[in-house]
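give me a model of this one.
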Amino acid sequence: MHDIAAAEAPPKVSPAELLQGALLDSRQRWRDLVSLVADFVFETDEWGCFTMAGPDPALAWDVSTLMGQSSASLLAEGGGGVFNPFRVTARVRHRRAWLKRGDGGIACIMFCAAPIWDVAGRVTGARGIGIDMTELDGQAAQVAATLRRAEVLDHILWRMGQEVMAPRMMAAALDALTNALGAEGAAVLLLPSGETGGRLAHVTGTGVEAVIDTAVSQLRSGETGPTQIPAPGGNPVLCVVCKTKSSEKTGLIVWRGATGRAWDRDDSLLIASASNIVRMVLEHDAVQYEMASQARTDSLTGLLNRRAFLEEVERHVTRLDRELQPGTLIFADLDHFKPVNDRLGHETGDRVLQVTAALLRKTFRPGDLVARLGGDEFAVWLNGADHMTAAERAEFLRDAVPRELTGIIGPDGPRLTMSIGIASREPGTAEPLDSVMRRADMAMYEVKRGGRGHWRVSLRKRS
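Coordinates of the predicted model:
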């Protein structure tokens, strides 16, 4: 009997093994229970990577593919400012988050989550459950969709708010829109009137080359509301026209990969709302450009003003020194201009200055710098040109200025001519710009003292 009893006695189990078994059993019961009432169950580690997820499949994801993956990859609106249920540092209840489904869709999940603490009080992960709110019917579904659009637009505006300059604001907006829609990319197209094509103004993501022709054709079709059209490669493209105050037509487009799902009604409503943000950024960009332009140009002639001219010449001189190229400065002053204002009025005087500015633009190359320094004083910087080239241009102006301006003031008005001073800066001399300016200025005033209406070159004395 003793031998039989000994043979039937259960093997001894250590306390540690008993505890481990109880923990495993408890963990499995927890998973089974919450899976009955939750659509998504998870645990993450301190880096936000999944260590457990359920049920299997979870939101159309094979659970095995989620293990060890970053939980941030499931967020439909990725990036800062968006609630992340997988990286909480305090208990949360009934918080919504939009997650990417394994089948390419988007799910609205209501989460309850809590951090996991170690014995030292350090957060080492998170666990929680989520209820899928996407399939609500009737009015509740519309409310959920409206809430999602509001959250996406809030996130786009938040991302834009981190930037100051309009191009960066647009990049942030397009990036946020791409993430929110699960798109491959997004772009803003300019559609100039009188042209058949379009030009890329801003783009984020990949694959724009495959969809741009299709998008331009659709945007120019006359349809203004959001429209979906497949590109030749199968990419679903969503387009909407957004017209700015300048009346220049622009378009916002988003696209998915060739195997991506088609766009739905909620996507169309979202891109329509986003187009208003794009229009706002484009108009902000235009205002910034106009302000920058006004700060650098003369309002009457459109030429560079004194400050902008001197800044640009300094920059060009640095480049010319590096390339061992010469540069030449021209100072030009209209002769007998004051009597025009006195006798014919300031309106005629303004017209004289505008025509003179147009003549200077026509005389010099697009890469040269032309400025109105103030009053009837003008300046030109010729890149890579010596005093001989400048003298040829000056001779043309000496002859052309009186002929051009006589047509404005009439044959009985003051005879307007131009006094011109020229000074070249040879490569390798390291002559300060101030010195070049003094030489050109002195040459111009020597012309004035010598009878006006001509040009003079100031040659730098070699030491």
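
make it CA atoms for all contacts and neighbour counts henceforth
Fine.

how much space between Gly367 and Gly375?
According to Cα to Cα, to the nearest Å, Gly367 stands 24 Å off from Gly375.

just Glu392 next, same as before
For Glu392 relative to Gly375 (Cα to Cα), the value is 25 Å.

repeat that for Arg87.
Arg87 is 65 Å from Gly375, by Cα to Cα.

which one's more surrounded, the two?
Arg87 (25 against 12; other Cα atoms under 10 Å).

ok, that one - contacts?
The contact partners of Arg87, taken as Cα atoms under 8 Å, 6 or more residues apart in numbering, are 44, 48, 115, 125-126.

which of those residues tops the neighbour count?
Among these, Ala126 has the most neighbours (other Cα under 10 Å), with 27 neighbours.

from the contact counts, what lies against whichever strand or helix holds that residue?
Taking DSSP states H and E as the criterion, Ala126 maps to strand 123-132. Using 3 or more Cα pairs under 8 Å, 6 or more residues apart in numbering; DSSP states H and E, the elements in contact with strand 123-132 are strand 40-45, strand 106-117.

next, format those strands as JSON lines and append distance to Pro232 and mean pLDDT.
Output for those, formatted as JSON lines (distance: least, Cα to Cα, whole Å; pLDDT from 0 to 100):
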{"stretch": "strand 40-45", "distance to Pro232": "38", "mean pLDDT": "92"}
{"stretch": "strand 106-117", "distance to Pro232": "26", "mean pLDDT": "90"}
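
helix, strand, or coil at Arg372?
Secondary structure, DSSP: H, G, I helix; E, B strand; the rest coil: Arg372 is strand.

spatially, what comes nearest to it if we skip its sequence neighbours?
Phe378 (4.4 Å; Cα to Cα, 6 or more residues apart in numbering).

now that neighbour: phi and psi?
phi -130, psi 160 (degrees, to the nearest 10).

how near is it to Thr348?
On the measure of Cα to Cα, Phe378 and Thr348 end up 18 Å apart.

looking at the two, which is more packed in?
For Phe378 versus Thr348, neighbours defined as other Cα under 10 Å are more numerous around Phe378 (24 against 15).

show me the contacts for the more buried one.
Shown in contact with Phe378 (Cα under 8 Å, 6+ apart): 331-333, 370-372.

check Ala308 too.
Contact partners of Ala308, counting by Cα under 8 Å, 6+ apart, are 296-297.

picking that back up, what is the nearest of the contacts of Arg87 to Pro57?
Thr44 (17.3 Å; Cα to Cα).

find the nearest non-adjacent residue to the closest one, please.
Thr44's closest residue in space is Phe50 (Cα to Cα, 6+ apart), at 4.4 Å.

what's the distance between that neighbour and Ala76?
Taken as Cα to Cα, the span from Phe50 to Ala76 is 17 Å.

hang on, the earlier thing: tell me the most buried of the helices and strands packed on strand 123-132?
strand 40-45 (a mean of 23; mean count of other Cα atoms under 10 Å).

which neighbouring elements make contact with it?
helix 15-37, strand 50-54, strand 123-132.

and the ones you listed, which one's lowest on average pLDDT?
Within the helices and strands packed on strand 40-45, confidence is poorest for helix 15-37, with a mean of 61 (mean pLDDT).

so which residues of the stretch 351-463 of the chain form helices?
Taking DSSP state H, counting those that start in this stretch to define them, one finds helices in the stretch 351-463 of the chain at 387-409, 433-449.

quick one: closest of these to Thr204.
helix 433-449 (42.9 Å).

which residues are in contact with that closest one?
By Cα under 8 Å, 6+ apart, helix 433-449 touches 314, 329-333, 419-425, 453-458.

if we can go back for a sec, pick out the most distant pair among the contacts of Phe378.
For those, and using Cα to Cα, no pair is farther apart than Asp333 and Val370, which are 13.3 Å apart.

count of neighbours near His94?
As a burial measure, His94 scores 12 neighbours (other Cα under 10 Å).

quick check, it in contact with Cys112.
Yes - shown here, His94 and Cys112 form a contact pair, counting by Cα atoms under 8 Å, at 5.6 Å.

where do the strands sit along the stretch 151-300 of the chain?
In the stretch 151-300 of the chain, the strands defined using DSSP state E, counting those that start in this stretch lie at 185-191, 199-205, 227-230, 236-243, 249-255.

got the ones you listed as a markdown table, with distance to Ile212 columns?
Compiled in a markdown table, the strands of the stretch 151-300 of the chain are given as follows (distance: least, Cα to Cα, whole Å):
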| stretch | distance to Ile212 |
| --- | --- |
| strand 185-191 | 9 |
| strand 199-205 | 9 |
| strand 227-230 | 11 |
| strand 236-243 | 9 |
| strand 249-255 | 9 |
